[in-house]
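Asks: Following is a predicted model, sequence given first.
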Amino acid sequence: MGSRFGAIWSFLSHYKYLIVVVLGVAIVGFLDENSFMRRVQYELQIDALQDEINKYNAQNEATTKLLKGLKNDHKSIEKIAREHYFMKTDDEDVYVLSTDEDPVETNRK
């Protein structure tokens with residue numbers, strides 16, 4: 001029993017600096033709240049959020065441009081009403097074409 005303890009103690013005392021460094025790297029790299037892995041996850045999340053911010057800024061600019069056009073031009077109001085709300089004048093017909101097909105349901109047992 002004493003020889004086992006002596007062998008383990010000898011090993012630990014011989015490699016004590018290496019063991020401390022490995023444990024420190026493991027704690028800082030993987031286990032800690034501010035670990036390297038968590039930092040990489042946060043960087044990826046920040047990149048995704050930046051892409052989303054850019055998308056919403058572009059959408060905001062397009063909508064603002066459309067709103068300015070609607071305030072200044074009555075023809076653009078008419079265009080929006082025709083395209084989105086299927087409105088028409090008295091002398092024209094509107095045909096709505098759709099590529100959506102209703103699935104045919106069959107009840108087979």
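Replies: That came in fine, so what should we check first?
Asks: quick one: pLDDT of Tyr56?
Replies: Each residue has a pLDDT score; the one for Tyr56 is 98.
Asks: next one: Ala7
Replies: 86.
Asks: again, but for Glu52
Replies: Looking at Glu52, its pLDDT is 98.
Asks: From the contact counts, what lies against the host helix or strand of it?
Replies: Using DSSP states H and E, the element containing Glu52 is helix 36-72. With contacts defined as 3 or more C-beta pairs under 8 Å, 6 or more residues apart in numbering; DSSP states H and E, the secondary structure elements packing on helix 36-72 are helix 74-85. The way it works is simple: take the backbone N, C-alpha and C, and place the C-beta from them, glycine included.
Asks: Tell me which residues touch Ile80, please.
Replies: Under the criterion of C-beta atoms under 8 Å, 6 or more residues apart in numbering, the contact partners of Ile80 comprise Leu70.
Asks: Relative to Gly69, how far out is it?
Replies: Ile80 sits 9 Å away from Gly69, going by C-beta to C-beta, to the nearest Å.
Asks: Residue nearest the middle of this protein, spatially speaking?
Replies: For the chain, the residue sitting closest to the mean C-alpha position, by C-alpha atoms, centre = their mean, is Ala48 at 4.7 Å.
Asks: Under the pLDDT cut-off, which ranges of the protein? List them.
Replies: Per-residue confidence of the chain (counting by pLDDT under 70) places the weak regions at 1-2, 94, 102-109.
Asks: try it again with 80
Replies: Under the criterion pLDDT under 80, the flagged ranges of the chain are 1-2, 28-35, 76, 78-109.
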